[in-house]
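**Q** structure of the sequence below:
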Amino acid sequence: MVEKIKVLMVDDEAQFRASTSKLLTRKGFDTTIAASGEEAIQILRKEPQDVVVLDIKMPGIDGHEALKQIKKIRPETQVIMLTGHGTTDSAKATLDFGAYDYLNKPCDIDILALKINDAYKFMFKDVERAEKTAEDIMIHIEDYTTISADSTVKEAIQQLMRSFESLISTGRVMETGHRSILVFDKSNELIGIVSILDLIESLRPAYLSAPKPSMADSMQYSSMFWTGLFTAQAKVLAQKKISEVMAPSPKRMDVNSNLMEVADFMFCENIRRLLITRSGKVVGVIREQELFFELANIIL
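**A** Numbers count the residues shown, from 1 in each chain. Predicted coordinates for the structure are as follows:
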C-alpha cells in the first residue's frame, strides 16, 4: 500500500480547520490539524510532517515566524502559505524564507491538493518539478459517485444530490461536484455513465426530436403545449432504469499517459471526461477541470 502524504493544516479558525481536514482526508492525505503556530511547532518536534499548509495571519506566532521555526526544526518539510485578500506581497516574501509556494484565499480544494502533491515530490528532487502523468491528477475511482445499472433514475439523482450535499464550502476553501455518475453492472464492470446533460436529454419527449414534415419546419409550439410538460416528463423519467438513459462508458487511457497526450486525446475526441486504467482496470477519472487546475498550477 502506498504511504499517504502527511499534511499538517495550521489555522486559528476551528471550522475551517475541521472542514479542510475532512476534504484533504477525502483526497487521500493523512491530515493533522493545529490551531496555532505554537501548536504546529509542538507537533513537528514530535512527529515529522511532509507538507504544512500554514495560514499567515494568526494570533501569537504568525505564519512568517512559524515558517522560520518549521524550517529550523524540519528543513525538509515543505510549507504552503495561505494568504487573504490584499496580503499577496506578504505571502511572496515567505518564499525567501523557504516556503514552497502560496495560495490566495479562497482556494479550490483541488488546487490545494495539487500543490500538496507537488510539494511532496519536490522534497525528493533537486531538479525542476517533473511534469505529471494521468495518475497524478486523476480522481480515484473510489472517490467518484457510482451506481448499478439496475437502479432507477430517481436513485441516481439521489446519489448525485448526496455528492453535492456532502461538499464543504467555507470562505477559504471549496470543493466542486462530479456532475456525473459511473454505472456498473452486476459483475462490477463499468458499462456506462450518466451526466446531468444525459438526464436533460432523457427528459425531453422523443417526439420533439422526431423528423417533422417539410410543411411543419417553421411550426412553433404554443405556450399551452409546454405548460406542465417538464413536471410530467420528470415523473416518467424518475422510474426509468439507469441502463435506459446512460451514455456509453467514457474512453480510456493508461495511468502513465503524459498530460499532453491526455489533453490532445480529449480535444480530438471532443470529450469532457476520461477513464484512467492500470493493467486494463479502471482506477480513476480525469475531467476537463483536472486539466484546467494543472494548467493554472503551472501558469499562475
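**Q** how about the helices in the chain?
**A** Across the chain, reading from the start of the chain, the helices by DSSP state H fall at 14-26, 37-46, 63-73, 88-94, 109-122, 134-137, 153-165, 196-203, 223-226, 229-238, 242-245, 259-269, 288-299.
**Q** I'd like those laid out as a markdown table, including mean pLDDT, mean neighbour count and distance to K57.
**A** Glycine gets a C-beta too; all of them are placed from N, C-alpha and C. Shown next, in a markdown table, are these (pLDDT from 0 to 100; neighbours: other Cβ atoms under 10 Å; distance: least, Cβ to Cβ, whole Å):
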| stretch | mean pLDDT | mean neighbour count | distance to K57 |
| --- | --- | --- | --- |
| helix 14-26 | 85 | 17 | 12 |
| helix 37-46 | 94 | 17 | 11 |
| helix 63-73 | 92 | 18 | 7 |
| helix 88-94 | 75 | 15 | 9 |
| helix 109-122 | 87 | 20 | 18 |
| helix 134-137 | 88 | 20 | 31 |
| helix 153-165 | 83 | 16 | 31 |
| helix 196-203 | 92 | 15 | 39 |
| helix 223-226 | 84 | 8 | 53 |
| helix 229-238 | 94 | 13 | 48 |
| helix 242-245 | 94 | 18 | 48 |
| helix 259-269 | 94 | 14 | 35 |
| helix 288-299 | 84 | 16 | 24 |
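**Q** what's next to stretch 71-82, contact-wise?
**A** Residues outside stretch 71-82 that contact it (Cβ atoms under 8 Å, 6 or more residues apart in numbering) are 11, 41, 44-45, 48-56, 63, 67, 70, 91, 94, 97-103, 105, 107, 112, 115-116, 119-120, 122-123, 172.
**Q** returning to what we had before: format the helices of the chain as a markdown table; extra columns: distance to S180.
**A** Output for those, formatted as a markdown table (distance: least, Cβ to Cβ, whole Å):
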| stretch | distance to S180 |
| --- | --- |
| helix 14-26 | 18 |
| helix 37-46 | 38 |
| helix 63-73 | 38 |
| helix 88-94 | 35 |
| helix 109-122 | 16 |
| helix 134-137 | 17 |
| helix 153-165 | 8 |
| helix 196-203 | 7 |
| helix 223-226 | 27 |
| helix 229-238 | 16 |
| helix 242-245 | 12 |
| helix 259-269 | 15 |
| helix 288-299 | 12 |
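**Q** looking at the ones you listed, which is nearest to V282?
**A** Among these, the nearest to V282 by Cβ to Cβ is helix 134-137 (12.1 Å).
**Q** quick check, central residue of this protein?
**A** Most central residue of the chain, judged by C-alpha distance to the mean C-alpha position with Cα atoms, centre = their mean, is D110 at 4.6 Å.
**Q** between the helices of the chain, which one is nearest to K186?
**A** For these, distance to K186 was read as Cβ to Cβ. The smallest value, 11.4 Å, belongs to helix 242-245.
**Q** thought F230 was touching L203?
**A** Yes: taking Cβ atoms under 8 Å as the definition, F230 is a contact partner of L203 at 7.3 Å.
**Q** contacting residues around the residue lying closest to K132 once chain neighbours are set aside?
**A** Using Cβ to Cβ, 6 or more residues apart in numbering and skipping residues adjacent in sequence, the residue nearest K132 is L259, 5.7 Å away. Under the criterion of Cβ under 8 Å, 6+ apart, the contact partners of L259 comprise E131, K132, T133, A134, I137, L291, E294.
**Q** per-residue confidence for M215?
**A** The predicted local confidence for M215 comes out at a pLDDT of 52.
**Q** now R129
**A** In the predicted model, R129 carries a pLDDT score of 52.
**Q** could you chop this protein up by domain?
**A** Annotated domains of the chain cover 6-128, 137-204+229-295 [automatic domain parsing].
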